[in-house]
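> Coordinates for the following, if possible.
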Amino acid sequence: MFFIDVQGTLIDDINKKPIAGSIEFIDFLNENNIPYVVITNNTKKLSKDFLQFLKDLGFNIKEKNYIDPFVILKDVAKKRKVAAFGQDSFPKVLTQMEYELEYDNPETLIVSIKKEYTNEDYSKMIECALKTDDLIGMHETSIYSKDGSRYPGVGAIMSMIKFAVNKDYKVVGKPSFNFYNEARKLLDCDNFNKITIISDDMMGDLLGAKKLGMKAVLVLSGKIKDANEVLPTLKQEEKPDTICKDMSEVLTLLKGRSL
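Numbers count the residues shown, from 1 in each chain. Take a look at the predicted model:
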C-alpha cells in the first residue's frame with residue numbers, strides 16, 4: 001500500500017510535467033491492483049479541478065485514490081470569516097467553498113504557500129493572528145520549491161507566527177495525523193505500518209509519516225537534490241528507509257519486489 005506525493009515526486013517543480021517513471025508507476029499500481037492514495041498539499045485549485053489537472057497530464061488516478069487539504073478543511077475550519085494568505089488562487093478557492101474573506105476582524109487565520117511573500121505579508125499575518133486564536137496552516141511543509149529555488153514552507157511560516165504571537169496552530173494537510181488518517185481510511189487499512197509513503201519532502205512529509213510507523217521512500221527529484229542535505233540532521237529512526245533518484249528508480253525496486 002502506498003501514499004504518493006505529487007509536487008517534486010510525480011510532477012516537477014518548474015514545468016509541472018510528469019517526472020520520469022511517475023505515470024508508469026501509477027499505471028503499474030492500477031494494473032496490479034496495488035492500493036494507493038495520491039496525497040497532495042494542493043491549495044491552488046478545488047480538489048476536483050486539481051485531480052483533473054493530473055488526469056490531463058496522463059495520470060490515471062480515480063477520485064477514490066486522491067486526497068488534498070481541501071477535502072478535510074471544512075471539518076477543521078468551521079468558522080466562516082477567514083483571513084486567507086497564499087497564492088491569488090487560494091482565497092478564490094475558499095470563496096468557492098463559501099468562506100468569507102475578512103482581514104479586519106477574522107475568526108480564523110488560514111495560511112497557504114506563496115513564493116512572493118514579503119515582510120508586509122508576514123506583518124499582516126501576525127496582526128490577524130493577534131485577533132483570533134484559530135490559526136490554521138493548510139499544510140506543514142518545511143521548504144517550498146518553485147522555479148528551481150527554495151523558500152520557507154508553510155510549516156516554517158506557521159512556526160514563525162506561533163513564536164511571534166505565542167499561539168498554537170492546527171494543520172490541515174501533510175503531515176498532520178488527521179490528513180494521514182483520512183488517507184489511510186481510503187485504503188481501508190487498519191494500520192499505518194502497512195503503508196509506504198513516497199515523497200521529496202523529508203521534513204514536511206516523511207518525518208511525520210515515520211512517527212506514525214510508515215515506511216518512507218525519499219525521492220531526490222524535488223525539494224532535496226542531495227540526501228546529505230538532510231540525513232545528518234536526522235536521528236537513525238527518522239531516516240528514510242529507501243532513497244531513490246526519482247519514480248523510475250522506485251518503480252524498478254517495486255517490480256523487483258525490493259520495495
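> Please enumerate the helices of the stretch 1-150 of the chain.
In order along the chain, the stretch 1-150 of the chain carries the following helices (DSSP state H, counting those that start in this stretch): 22-31, 47-56, 69-76, 89-96, 119-131.
> List the residues that contact Arg80.
By C-beta atoms under 8 Å, 6 or more residues apart in numbering, the contact set of Arg80 is Glu98, Tyr99, Glu100, Glu107. All C-beta spots, glycine's among them, are computed from the backbone N, C-alpha and C.
> go on, Val76?
Val76 makes contacts with Ile136, Lys170, Val172, Asn178, as judged by C-beta under 8 Å, 6+ apart.
> picking up where we left off before, worst mean pLDDT among the helices of the stretch 1-150 of the chain?
Lowest mean pLDDT within the helices of the stretch 1-150 of the chain: helix 69-76, at a mean of 92.
> what about Leu135, distance to Ala164?
Look at Leu135 and Ala164: by C-beta to C-beta, to the nearest Å, they are 11 Å apart.
> And Lys81, by the same measure?
Between Lys81 and Ala164 the distance, using C-beta to C-beta, works out to 22 Å.
> Which one, of the helices of the stretch 1-150 of the chain, ends up nearest to Ile224?
Nearest to Ile224 among those is helix 22-31 (16.8 Å), distances taken as C-beta to C-beta.
> Which residues outside the closest one are in contact with it?
Applying C-beta under 8 Å, 6+ apart, the contact partners of helix 22-31 are 2, 4, 9-11, 34, 36, 38, 57-61, 246-248, 250-251, 254-255.
> Looking at the contacts of Val76, which is nearest Lys48?
Closest approach to Lys48 among these (C-beta to C-beta): Val172, at 17.5 Å.
> My guess is the closest one contacts Leu73. True?
Yes - Val172 sits in contact with Leu73 when judged by C-beta atoms under 8 Å, with a separation of 5.4 Å.
> Return a PyMOL selection command for the buried portion of the contacts of Arg80.
Restricted to buried positions by 16 or more other C-beta atoms under 10 Å, the PyMOL selection for these reads:
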select buried, resi 99+107
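> okay, now the domains of the protein?
2-68+174-255, 77-171 (automatic domain parsing).
> what's the neighbour count on Lys55?
Residue crowding around Lys55 was assessed by other C-beta atoms under 10 Å; the count is 13.
> Just give the nearest non-adjacent residue to it, would you?
For Lys55, the nearest residue in space outside its immediate sequence neighbours is Ile61; the separation is 6.5 Å by C-beta to C-beta, 6 or more residues apart in numbering.
> what's that neighbour in contact with, if anything?
With C-beta under 8 Å, 6+ apart, Ile61 has these contacts: Ile26, Val38, Leu51, Leu54, Lys55.
> Using CSV, lay out the residues you listed together with distance to Phe192.
What follows is those, written out as CSV (distance: C-beta to C-beta, whole Å):
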residue, distance to Phe192
Ile26, 22
Val38, 17
Leu51, 24
Leu54, 24
Lys55, 28
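> Which one of those is nearest to Ile198?
Closest approach between the contacts of Ile61 and Ile198, by C-beta to C-beta: Val38, at 10.2 Å.
> In contact with the closest one: list those residues for me.
Contact partners of Val38, counting by C-beta under 8 Å, 6+ apart, are Ile4, Val6, Leu10, Ile26, Leu54, Phe59, Ile61, Asn65, Tyr66, Ile67.
> so which of these is the most crowded?
Each of the contacts of Val38 was scored by neighbour count (other C-beta under 10 Å); the top score is that of Leu10, with 28 neighbours.
> And Ile161, how close does it get to Asp104?
Ile161 sits 18 Å away from Asp104 when distances are taken as C-beta to C-beta.
> neighbour count winner among the two?
Neighbours were tallied for Ile161 and for Asp104 using other C-beta under 10 Å; the higher tally belongs to Ile161 (21 against 9).
> I appreciate the help and will end here.
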